[in-house]
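Chemist: sequence-free structure coming up:
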C-alpha cells in the first residue's frame, strides 16, 4: 500500500505551482530549514566519480532530472571536467533562475542516452502510474550509471528529519522502487545503479 500525500498535490494540476520560490527558499536556501547542505552534493559527486573510475565508465554526458537549485549538477561538473551537463526541471522558477530545460522526468526525451543520469528526490512527488512511467523513461535515457534516490516510507518513519522534509509526497516502500529498477539496472549501493545494457560485470558481493 502506498501512503498518499496528506493534501492534494499541486502536481496534479500545475507541477510548477508547488516548486515556486517559497519551496526553494525552505528546502534549498535557508540554512535553518533546508534538507541537504550543498557540500553533501559534492561528496555524492565524488562517490560517483570513484564508481565511474572503478568500472572504467567514460562520463561525457550527464543528465539531472529535477536539477533544482543546481547544487548536484555543479558538483558533477567539477568532478567530471569536460562532460556536457543538462539540467531538467518542471519548476518555472528554477528554469528562469538557472536556465534548465523545462520538462519532467516522465516527458523528457533525447535520442542519445546519457552516461550518467541523476534523479534525486523527485519521483516521490508522482503517483504510482506516473512514477512507473518515470522509471521507464529513466531506463531509456541511461546507458551507464544512475544515481537514484526517493523518499521511502521507511525513510520517513525511521531516517529523515521530518521538520526539514516535505511530507506532501507518496510514501512508498523501498521495495516498490527496487522491483521496478532491477530489470534494467544493477544496484551497487548508496543510490548508485549500473545500467545492465552497459555490460559491466559485478562480483557477487559488489552487487546489492
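Modeler: Sure thing, it's come through. Quantities reported herein were computed from a predicted structural model and do not represent experimental measurements.
Chemist: Quickly note the distance from residue 94 to residue 62.
Modeler: Per C-beta to C-beta, to the nearest Å, residue 94 is found 17 Å from residue 62. In short, each C-beta sits where N, CA and C put it, glycine included.
Chemist: pretty sure residue 82 contacts residue 58?
Modeler: No: Residue 82 is not in contact with residue 58 according to C-beta atoms under 8 Å; the separation is 10.5 Å.
Chemist: ok, the two, which is more surrounded?
Modeler: Of the pair residue 82 and residue 58, residue 58 is the one with more neighbours under other C-beta atoms under 10 Å, namely 10 against 7.
Chemist: Find the nearest non-adjacent residue to that one, please.
Modeler: Distance criterion C-beta to C-beta, 6 or more residues apart in numbering; nearest residue to residue 58, sequence neighbours excluded, is residue 115 at 6.6 Å.
Chemist: Report the contact partners of the one you found.
Modeler: By C-beta atoms under 8 Å, 6 or more residues apart in numbering, the contact set of residue 115 is 57, 58, 59, 60, 61, 62, 83, 143, 144, 145.
Chemist: The same query, at a cut-off of 6 Å, please.
Modeler: For residue 115, the contact set (C-beta atoms under 6 Å, 6 or more residues apart in numbering) comprises 59, 60, 61, 144.
Chemist: which SSE is it in?
Modeler: Counting by DSSP states H and E, the element that carries residue 115 is strand 114-120.
Chemist: Any stretches of this structure with poor pLDDT?
Modeler: 1-15 (pLDDT under 70).
Chemist: so what's the residue most central in space within the chain up against?
Modeler: Residue closest to the average C-alpha location in the chain (C-alpha atoms, centre = their mean): residue 119, at 1.6 Å. Shown in contact with residue 119 (C-beta under 6 Å, 6+ apart): 65, 138, 148.
Chemist: State the phi and psi torsions of the first one.
Modeler: The phi and psi values for residue 65, taken as degrees, to the nearest 10, are phi -90, psi 100.
Chemist: hang on, residue 207 in a helix?
Modeler: No: per DSSP: H, G, I helix; E, B strand; the rest coil, residue 207 lies outside any helix segment and is coil.
Chemist: what about the strands in the chain?
Modeler: Along the chain, counting by DSSP state E, strands occupy 61-65, 84-89, 101-102, 114-120, 142-149, 185-189, 192-195.
Chemist: what packs against the fifth one?
Modeler: This points to strand 142-149. strand 114-120, strand 192-195 (3 or more C-beta pairs under 6 Å, 6 or more residues apart in numbering; DSSP states H and E).
Chemist: Measure how far the longest one is from the centre of its chain, please.
Modeler: The one in question is strand 114-120. Here strand 114-120 is found 7 Å from its chain centre; the criterion is C-alpha atoms, centre = their mean, to the nearest Å.
Chemist: Repeat that for stretch 102-117.
Modeler: With C-alpha atoms, centre = their mean as the basis, stretch 102-117 stands 12 Å off its chain's centre.
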